[in-house]
Structure formats: C-alpha cells, structure tokens
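Novice: Mind folding the following:
(4 chains)
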There are 2 protein chains.
Amino acid sequence: MEAKPSSLTVIPRSLDHQAADVIRQQILSGSFPPGHRLIETQLAEALDLSRGTVRSALQQLTYENLVVQLPYRGWLVPPLRSQDAWELYTLRSGLEGLAARLAAMAISSEKATLLERSFQQLVDAAQRGDRNAVNEFDFGIHKTIIQLTEHRRLQQQYKIIEQQIRLYITACNTLLEFDLTEIANQHQSMVRAICCGNASLAQQIAQDHSTADGETLVNYLQELEAKNSK
Amino acid sequence: MEAKPSSLTVIPRSLDHQAADVIRQQILSGSFPPGHRLIETQLAEALDLSRGTVRSALQQLTYENLVVQLPYRGWLVPPLRSQDAWELYTLRSGLEGLAARLAAMAISSEKATLLERSFQQLVDAAQRGDRNAVNEFDFGIHKTIIQLTEHRRLQQQYKIIEQQIRLYITACNTLLEFDLTEIANQHQSMVRAICCGNASLAQQIAQDHSTADGETLVNYLQELEAKNSK
DNA sequence: CAATTGCAGATTGTCAACAATCAACAAATT
DNA sequence: AATTTGTTGATTGTTGACAATCTGCAATTG
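Specialist: Predicted structure coming up:
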C-alpha cells in the first residue's frame, strides 16, 4: 500500500489477523451465509490453528458486525434484517455526507485530479453499459472521497459499513437496476461540488445520493420478513 | 437498565468483558493516562485473571481506540494528538447531524417530551450557573437524541466517540468555558427543530453546534505539539 | 572506534488441557 | 399426562505452559 517499492518489507501479520481475514472473506463471498453457525473447533481444524487463535479472530469480526456471539452457545453469521439494512444505509449516508463536506473543505488540484479520474472510470463503464463495472466504480468513487479526507476513523468506519452493505447485497442477490446515465449524472454534480470546494452542497448531494438503493433493499427485506412471519 | 424490576435477572458477563470494563474505567478516569504502558502480566496479576483473559479485554479496547497494540512490544494508551481530536470532533459532528435528522423524521409526542425534559435539565443547570452540570447535561441531551433514533449502530458508534472525547477533555484538563445562556439557546433551537420534525434544519443545527469546542481543543493540542517538537 | 553480532531479559504470540455452561432428552415424580 | 429433575454431549470460557519476537547492551570484529 504505502511501502516504497524498493525497500522490500515483510508485513508481519499475526495468525489471528490472518484467520480473521480468511473467515471474513468466506462470509463476504457467501460461503458462510447469514444464519450460518461457526464452530471454533471446526474452524481451528480447518485453518490448522488452535482454538484460542480462532476465537480471537472471531472477536475481531464481532466488532465488524460480521459475526455475533451467543454466550456459551456459539458464533453466528447474523441473519438479514430490514432494521439492519436501514441502519447501514442511513449511517452510510451520514458518513458520506461528512466525507464529501471534509473533502470539499480540503480540496487541492492533486486531489481533484484523483477524484475526476475515479469519476471518469464510472462514466466509461456507464457508456459501455457494463452494470457490474458501474456498480464497482460506484463503490470506488465513494471510497476515493473517503480517502481524500485523510480521516483515519472515518475510513475505518466506512470500511466496516461498506463490508456489511456488500454482504447484504450479495446475500439478497440484488444487483440494483438503475438508469446508468442517471447514476453518472448524480455523481457528476457531487464531484463538481467537491472540486469547487462547495462544502455544504457537496454534503447535501452525497447524503441524498445514497438513499435510493438503500430503500429498495429495506423494502425487499421487509416483504421477506412479512412472508416468513405468516 | 431495561430489565423489569420483578423478574430477577442476573446479567452474566464474561470475565474478559468485566476486565475490559475495569481497564476502560481506569483509562477514562485518568489512572492510566495517555502514553501509559499496559503489561498483560501485571494486569493479570492485579485482576487475578489469566493473561489470556486480560489479552482478550485489551483487544476489545483496541476497537474502542482506547489502547493500541505494538506487535511483540506491548500495549499503550495512545498519546494525545491534534489529528485525533480533529477526527473525533468532525466525526461526532457528522453523527450528531445524522441523529438529529433521524430523530426529527421519527418524532412522536412521547419522544418530544423525553427530549424536552432532557433540555430542561440543561436550562436549570445553566440558570444555577453550575458549569459541571451544564457540561454533563450537554452530553446528556445529545445522548438522548441518539437514543431517539433507535439506531443500534449509531448508538454504538457514538458511544465510542464520546468516550474518546471525554478522555481528551479530562487528559487536557480542559473544562470549556462558554456563555451558559448561549449554550442553552443553541440547544433550544435544535430541540425545537427536532420536535417540529424539521429534519434538515435539525441536522444543520446539530452539526454546526458541536464544532466550536472541538476547535479550541485542536488548537490547544497543536500548540502543545509545536512546543514539544522544538 | 564504528559497525556488526550475539546474548539476556522482558513481553507478547500460540497452544492444548481443563472447567463452566447450555440444549435436548430421558427418567422420575406428582 | 404434565411437571420437574437428572444426565449426557456439544460447545464455549479460562488457564498455565511453552515458543517467538523485540529491545538494549555487551562482546566481537574490521
């Protein structure tokens, strides 16, 4: 990431962190779907680690809301609830608004170029009509904005939220279908506001932007819950 | 808190959580000030627990940014940096803005009463000229707003930020000196906006509100850093 | 004498064994 | 038959021992 290419650095990563990485990947990819039970001994066996180390990994993931612990009963990938989807999207909206505001306040020509490059990728993908790429570059542009703020806590927080949103999207198998040029336009006004340094406008646009797909997901989950309760 | 008084419930809390509670308290109260080193064996001895359990507690506190881990070298209460203070206050501003918005969107007469009661406590304290109480009820009113949202993740996040802000304030020994009636007035307009259900106004006021004391803290720390670098 | 190497002490990283708790079912009781 | 009370197997909670790594200093080397 930030290591100079010449100085060959070995990033020492403790086993529990590595274990957390592996398990996280399994959850996000859908191999451990929501509702799946995780058993310490089984994971320890599979990863060829001791139970304590696996346990430590699971505790890390607890703080990312990717697993929940039921005392003396086990670990669980939390099931999908509409309440959680609502929380995720509202929180994301708030964080992105903040990020856009801060980014606009500290804009520079280098940062503007970085952001515009990120935006251009989105536009290109939209013109190609490549929905998957649009989706990915959509995430990318927001991530760029977050990074422009140089706000460690915000980056960390956002990462955790984004992870969970991805989990919800893959688990619902919902590739949201919107007008591609519309998406590009919305982003354009946001990018412009940030690059001009118009903080409050940037915040407004960013926060309003990320609500639509949130609501469709919440509605989808609410219907599912209504069906299951009957 | 929320247990019925009749049904005698024992809240089972695992030892590592209890240990985390104790250590957290020590840090927040200033017994373990920023820069203080924490040694697993010493803590284990003092708490009469095994090292593994203490270790688990420290990992929890890592996710609250109350301790940092230097691999193979130890645990540390992170020193005060102006960058962190900036992050804390900007993030808090964003979260409070979101909370005010959501609270306004879901206001009810019960919730309004709750909020106004919380506000009244602040007013009373301001009239008494009791700075300590004003400060505490100031925190209280914001906490009330957060709770009105019924947003678990927001509550959790906010709690962690508030903790750290308290740490910074006590460590700097900075009891911020502002005009008490001014504080009360600012809050009044916010409370009113929320109770009217005026979401965007409430957000605006809330987010602008919590910036002033943040900046004084950042400035104080920057001066300190400038002095130390010489 | 500067730079490197090797060693000792302190501290964390990992593990495997034992204890505590839980859920489900069988047995006993009324 | 319904309720209570053991019992058992599975799983997590906790611990103490051993391994790996870091820091600082002394010994060695050129």
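
Novice: between the longest helix along chain A and helix B:82-105, how big is the angle?
Specialist: When chain A is scanned for its longest helix (criterion: DSSP state H), the result is helix A:82-105. Comparing the axes of helix A:82-105 and helix B:82-105 via axes from the mean of the first three to the mean of the last three Cα atoms, to 10 degrees yields an angle of 130 degrees.

Novice: list the helices and strands whatever helix or strand A:Gln204 lives in packs on?
Specialist: Under the assignment given by DSSP states H and E, the secondary-structure element containing A:Gln204 is helix A:199-209. Using 3 or more Cβ pairs under 8 Å, 6 or more residues apart in numbering or on different chains; DSSP states H and E as the contact criterion, the elements in contact with helix A:199-209 are helix A:82-105, helix A:180-196. All C-beta spots, glycine's among them, are computed from the backbone N, C-alpha and C.

Novice: closest one to B:Arg192 among the ones you listed?
Specialist: Taking Cβ to Cβ, helix A:82-105 is the member of these nearest to B:Arg192, at 21.7 Å.

Novice: Buried residues, the closest one. List them.
Specialist: With burial defined by 16 or more other Cβ atoms under 10 Å in any protein chain shown, the residues of helix A:82-105 counted as buried are A:82, A:84-105.

Novice: domain parsing for chain A?
Specialist: Chain A breaks down into these structural domains: A:15-76, A:82-229 (assignment by automatic domain parsing).

Novice: Next up, the contacts around the residue nearest the centre of chain A.
Specialist: With distances taken as Cα atoms, centre = their mean, the residue of chain A nearest its centroid is A:Glu162 (1.3 Å). The neighbourhood of A:Glu162, defined by Cβ atoms under 8 Å, 6 or more residues apart in numbering or on different chains, consists of A:92, A:139, A:143.

Novice: picking that back up, report the angle between the longest helix of chain A and helix B:199-209.
Specialist: For helix A:82-105 against helix B:199-209, the angle by the same axes, to 10 degrees is 60 degrees.

Novice: What's the local residue count around the spatially closest residue to A:Gln121 that is not a sequence neighbour?
Specialist: When the adjacent residues along the chain are set aside, A:Gln121 lies closest to A:Phe137, with 4.8 Å between them (Cβ to Cβ, 6 or more residues apart in numbering or on different chains). Applying the criterion other Cβ atoms under 10 Å in any protein chain shown, we find 25 residues in the vicinity of A:Phe137.

Novice: which bits of chain A sit near chain B?
Specialist: Near chain B, the residues belonging to chain A are A:12, A:14, A:52, A:56, A:59-60, A:63, A:65, A:71, A:83, A:87-88, A:90-91, A:93-95, A:97-98, A:101-102, A:151-154, A:157 when assessed by Cβ under 8 Å from any Cβ of the partner chain.

Novice: and these near DNA strand C, which?
Specialist: Applying Cβ under 7 Å from any atom of the strand, the subset of the residues of chain A next to chain B adjacent to DNA strand C comprises A:14, A:52, A:56, A:71.
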